[in-house]
Every structure is written in structure tokens, then in C-alpha cells.
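>>> kindly return the folded structure for what I paste below:
(one chain, ligands or ions: 2)
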Amino acid sequence: MSLHPVVAEVTERLRERSRDTRAAYLDRIHDAVIEGTHRARLSCGNLAHGFAACGTQDKAALREGHTPNLGIVTAYNDMLSAHQPYERYPALIREVARQAGFTAQVAGGVPAMCDGVTQGRSGMELSLFSRDLIAMATAVALSHDMFDGALYLGICDKIVPGLLIGALSFGHLPGVFVPSGPMPSGISNEQKSKVRQAYAEGKVGRAQLLEAEAASYHSAGTCTFYGTANSNQMLMEIMGLHLPGASFVAPDTPLRDALTAAAVRRCAALGKTGENLPIGQIVDERAIVNGVIGLHATGGSTNHLLHLVAIAQAAGIALRWEDFDALSSVVPLLARVYPNGYADVNQFHDAGGMAFLIDQLLSAGLLHGDARTIAGTDLSGYASLPALDESGRLSWTPVPKESGNRGVLRGASEPFRADGGLRMLHGNLGRAVIKVSAVPDDRLVIEAPAVVFHDQDEIKRAFDRGELNHDFIAVVRFQGPRAIGMPELHKLTPTLAVLQDRGHRIALVTDGRMSGASGRVPAAIHVTPEADDGGPIAKIRDGDIIRLDAVQGRLEVLVEAAEFAARAPVVEDLSRHQHGMGRELFGMFRRNAVAADLGAGVL
Ligand SMILES: O=C(O)[C@H](O)[C@@H](O)[C@H](O)[C@H](O)COP(=O)(O)O
Ligand code: SF4
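Ligands and ions are numbered 1, 2, ... in the order given. Predicted coordinates:
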């Protein structure tokens, strides 16, 4: 099947827009490649420090200086259930390397925030900035310059984007992302959400809510809703940075360990003395466009309208919201995984998962099948499933042409929706984005009076006072990156969902973010310019009629233009957000963050 013309056109436009910056990036990584191993350039003192703690066998290999040495950059901690399995990975990886005749060392660790732990709390105001901090920490790890390739151990929200941005600053090195897999399914996300809504209405107590939460998030592994963490797994696979089928295999299983071992061997094979394919060459315009397409086809996290833009920039590629919007019109929704449906990623995987999705998109001409990957094949080789034979040998077989569960995963000829999950909005409030894949069709156009808030907790208080039992659009402003670090406002979801279920026509408009796990309530998020940076959202008043039209892609306040222009913007004292929980350490991030449509970063 030939490439869809819109995919070809968007890719060509991206190449043209990025011509100079991509060329400069490729020159930089070309110039960074040296003869021999990187550690061979170190002084005796540098090198001795680099291998002092190693065991005899590794020390001899590192001292001798000719065999590849892989750096492990790990985001292990006990806070993220998704990252807890990584605790034993360095020892596993070192042993695989040793047996294969090369070495591996932990180059360094990177911080990892669990957004589920900080959700609704002031720690969430560090969350977005932790992405760029992780990129910087990745560079600190790899700056030891002892490495001829790198293995990136990270799963969740800001961690994979940060690791990849850091990896791209060492784009001359081969790089492979090594996932750990989703936890077994607990109570369904729908059951969990029902208890949350009952709690929001005061119908159940904290003990019952905690019981439901603990039955949903119950063991090691990634949470099983399709939020940003699992959108990251989809992206790493469709961009060719995971092994085929690696994203959603369960943690601590023989197949998972075999995939990890294979990833280690592949990383060494990609080196200069082997296939000579560094990560900076894999992450090209085709890979970025394939990533956008994967987000649309699965109803991926809105956070990637920030992160994928920042990742692309790190590779010299100027991805814009217009590119997401153009592709949304031709990429069908093929997966319904919570919040875009009731299934979880385990059911998605069991239905055929990434292999089926990629095969279907390839067959519809909706992916660059010739995009390069870490697997020794182009992306067309990713329409296959990994398995162990009776002797424990890992191999891949072509994915079936039929979905194993049409309620979760569909072929390109019978999509859930003809267009993708992510949409751009524009109008007299600036630009914004919305995930439509989880919004009921009769809620895609909302026109209602504004109720303005400067703090997400004010909404719950107004709800508890019984003030919100009517149609309204909640405007939650001064949440942008330069204001308070662009926190996710996902704690609003149960309250707004209760009001929507009562039949009120409601929506959210904010210069903040929502979680990848948000979705049922129409939300125009990432409004740019933000309130604290001259954005017209700061001029909205209670009672103004706002129209959110996700069908036409419009976001407007229906106030006479001259009157609206003449209004003075509201100014908010944000000093309470600049101290406490470490926020005083992130002032330079707030002061230097670029706008949301450019990735809301500082790098
Ligand atoms: O973007 C995301 O996917 C979210 O940040 C997610 O990682 C976060 O953990 C949510 O808060 C989980 O959802 P609950 O808060 O509903 O458990
Ligand atoms: S998916 Fe979210 S809640 Fe789950 S471990 Fe990752 S960051 Fe934490």
C-alpha cells in the first residue's frame, strides 16, 4: 500500500521546516563519532576512576579498551510501580553483556516522579519541569564518556521524554529503550472511577475509596490505563526504539527477561563496529510522524502535544500542533483503551497489541514502513509478536490479520472513529488542544457561561456548596508553565464527571494540563498564550459565554471584540506557588519556559 498523501505531505512539510536545524543536528552527531571505543580517549586517571569498582572480568575488558561498553541510564525508584521492576535490571544487563563479550555499567540515575502520587498536590507543579531535568541528568550520566551505546530504563510520563531528549544530545551513540511492562489488571478503571465519583458526592467514605484505589493499583508494573506512561510505550515501539512487541509484556516473566537480554545485545550490535546506527539517525522525521500517527490511532495522551514537540526539537525537527491536526483528519482510532474505552493495556496487548496496530496502519499506508529501528529491521518488521520456544529461545512471528478482541482493537477497515483522538483548537482565546477520543459525540460542542477559577481546589469547594448544578464552562487559569509549572488538573475529573452525568453541559478550559488518564469531560487544555504571559484567557469574566467546538476546531469567548480588547487582564499573585515542596528550586524553569505549543520546556 502506498503512503497516504497526507502522511507524505506532512512529512515533507516537516522536513522542509526542519531542513537547517536537522542538518545542523546531523552534522553535530557526525562530528561526535570517533574511531575506536570512547573510553580509549580517556586519560589513565579518568579511566581508572571509571572502572575502579568493577569486578575482575569487567575491569580487564574495560582496561583493555576494545570491546563496547554500554551505559545504563536508569529511572529506578520504589515510588513508581512501573519503575520498581528496574531494581534488578543492572545486574541482569551486566551479566548479559559479560556473556556476550562486552560490558555494561550504570552510567547514572535520573529522577522520576509518579504523577499518581503527586496528582492534585503541590508536587505536581514540579512534574512538567522534571522532564527537562531528566534530560539534563541523562547528560550528566553519559558525560562520563565511557560508553559506546546506552540503555534507557524508564516508562512513565516525563521520564521517557526526558530520557529521549537526553539520549538525543548523545545522538551519536546507539540507544535502546528497555521497558518493564504493565502490572496485572486489577479492578477495572471504570469501577475505580465510579467509586471516585461516589466519593466526590459524599456517598462513600475514604476507607472504601482507598480500598478501590488499592485494588486498581495493586502491584509492580505500569498502571494499566492508557495514560502518558503507556502512550510512551506505544511511542517507543512505533518509533522503533523498543524491540518489536516489547511494550506490554508483563514484568518479571521469562519473556520479559529474554526481551531485555535481546535489547542489550541489539544495543551493542548497533555500534560503530557493527550496524553503526546511532539513535540520532533513527529519530528522524519519519519516526516523529509515525509517533504522531500512533497517538491518534490509540487516543494517546495529550501530554505528547508537549513532549513529542520537545523530543523532535532535540533531534533538530520542528514539530508543530498543525502537524498533529493535519494527521488527525486521516488517522482512524483503532484502539479503545481507558479512558478511551473500558479495556486496559493488558487487554489491548492480548488482542494483538502493537504488532496488530502497526500492521493495520502499515497496510493502510498510514506509517512510514521504511523508518529505521533498533531491531535490525525497518518498521515493517514490527508487525510481529515475540515468543519463547520450548528451549527458551526468543523469536518473532507475524501477527494475525484479525484482532483478538474487536471491542478493544480494530482493523483499519472498521475503525472506532474515522479520525484521530487529538485535535487543535483556535480562536480569540489563542490556541489549545483537546482529546476527543474519550468524549461522547454529543459533548463535542459546548456553549455555556464561564465560571472562572484560579485554583483547581476552588471547583470542588464550589461543587460542595451546590453552586455548579447548571451548564457552565470551568475556566481554570494561571496554571501555565510560566505561572506555576503547568500541573495536571486530573483531580477535577470526578467532580466534573458527576456534573456531566447529571446532564449538565460542561467543559473545562485551562492553560494547565490534564492527565493522559483524563478524558470523558471535554477539555480545551494547554491554552496558549497562558494567563501569566499576556494570554486573553486572563480577560475572561464569570458569565461570559464561551464556545468550545471540537468539531470545527474552535475555542472562543462570545464577547464583542472591542469590549473584550478593552478589558484589562486579571493579574494573580502566584507567590504561594513559588516556595515549598522544592518549588523555590524551579524558578529558573518558570522564568524560561517556552509556550506550550513549543513544548513548554527550557532546553
Ligand atoms: O498523564 C498521565 O497518564 C497521568 O499523569 C498519570 O501518570 C497519573 O498517574 C494519573 O494521575 C493517574 O491517574 P489517577 O490519578 O486517576 O490514578
Ligand atoms: S503510570 Fe502514572 S501513576 Fe502509574 S506509576 Fe507511572 S506515573 Fe505513577
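>>> contact partners for T495?
Contacts for T495 (C-beta atoms under 8 Å, 6 or more residues apart in numbering) come out as 200, 459-460, 463. In short, each C-beta sits where N, CA and C put it, glycine included.
>>> model confidence for it, exactly?
pLDDT for T495: 94.
>>> tell me the SS of it?
Three-state call for T495 (DSSP: H, G, I helix; E, B strand; the rest coil): helix.
>>> ok, which of the contacts of T495 also contact ligand 1?
By C-beta under 6 Å from any ligand atom, no member of the contacts of T495 lies near ligand 1.
>>> quick one: those residues as CSV, columns for secondary structure and distance to L574 too.
Shown next, in CSV, are the contacts of T495 (DSSP: H, G, I helix; E, B strand; the rest coil; distance: C-beta to C-beta, whole Å):
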residue, secondary structure, distance to L574
A200, helix, 27
I459, helix, 18
K460, helix, 20
F463, helix, 24
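>>> which of those sit farthest apart?
A200 and I459 (10.7 Å; C-beta to C-beta).
>>> longest strand of the chain?
strand 445-453 (DSSP state E).
>>> give me the number of residues near E213?
Neighbour count for E213, taken as other C-beta atoms under 10 Å: 17.
>>> nope, I293 is what I was after
Counted with other C-beta under 10 Å, the neighbours of I293 add up to 24.
>>> and the next element down the chain from the host helix or strand of it?
Assigned by DSSP states H and E, I293 belongs to helix 285-298. Going down the chain from helix 285-298, the next helix or strand is helix 304-314, by DSSP H and E.
>>> and that next one, what's its mean pLDDT?
So the average pLDDT for helix 304-314 ends up being 98.
>>> contact residues of the stretch 451-600 of the chain facing ligand 1?
Checking the stretch 451-600 of the chain against ligand 1 by C-beta under 6 Å from any ligand atom, the hits are 488, 490, 515-517.
>>> export those residues as JSON lines, with columns for neighbour count, distance to ligand 2 and secondary structure.
Listed next are those as JSON lines, based on neighbours: other C-beta atoms under 10 Å; distance: C-beta to the nearest ligand atom, whole Å; DSSP: H, G, I helix; E, B strand; the rest coil:
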{"residue": "E488", "neighbour count": "28", "distance to ligand 2": "10", "secondary structure": "strand"}
{"residue": "H490", "neighbour count": "21", "distance to ligand 2": "10", "secondary structure": "helix"}
{"residue": "S515", "neighbour count": "23", "distance to ligand 2": "8", "secondary structure": "coil"}
{"residue": "G516", "neighbour count": "26", "distance to ligand 2": "8", "secondary structure": "coil"}
{"residue": "A517", "neighbour count": "24", "distance to ligand 2": "8", "secondary structure": "coil"}
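>>> closest one to A375 out of those, please.
G516 (26.0 Å).
>>> from V204, how far off is the closest one?
26 Å (C-beta to C-beta, to the nearest Å).
>>> check L499 too.
Taking C-beta to C-beta, one finds L499 at 18 Å from V204.
>>> what secondary structure does the residue lying closest to A312 once chain neighbours are set aside sit in?
Excluding the flanking residues, the one nearest A312 by C-beta to C-beta, 6 or more residues apart in numbering is L319, at 3.8 Å. At L319 the chain is in coil, as set by three-state DSSP.
>>> L319 contacts I288, correct?
Yes: L319 lies in contact with I288 (C-beta atoms under 8 Å); the separation is 5.7 Å.
>>> list the residues that contact both of these two?
In contact with both L319 and I288: 14, 308, 312, using C-beta under 8 Å, 6+ apart.
>>> nearest to ligand 1, of those residues?
L308 (13.6 Å; C-beta to the nearest ligand atom).
>>> now do the contacts for the closest one.
161, 235, 288, 291-292, 295, 319 are the contacts of L308 under C-beta under 8 Å, 6+ apart.
>>> would you turn those into JSON lines with distance to ligand 1 and neighbour count?
Output for the contacts of L308, formatted as JSON lines (distance: C-beta to the nearest ligand atom, whole Å; neighbours: other C-beta atoms under 10 Å):
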{"residue": "P161", "distance to ligand 1": "11", "neighbour count": "31"}
{"residue": "L235", "distance to ligand 1": "13", "neighbour count": "31"}
{"residue": "I288", "distance to ligand 1": "20", "neighbour count": "27"}
{"residue": "G291", "distance to ligand 1": "16", "neighbour count": "27"}
{"residue": "V292", "distance to ligand 1": "17", "neighbour count": "28"}
{"residue": "L295", "distance to ligand 1": "13", "neighbour count": "28"}
{"residue": "L319", "distance to ligand 1": "19", "neighbour count": "26"}
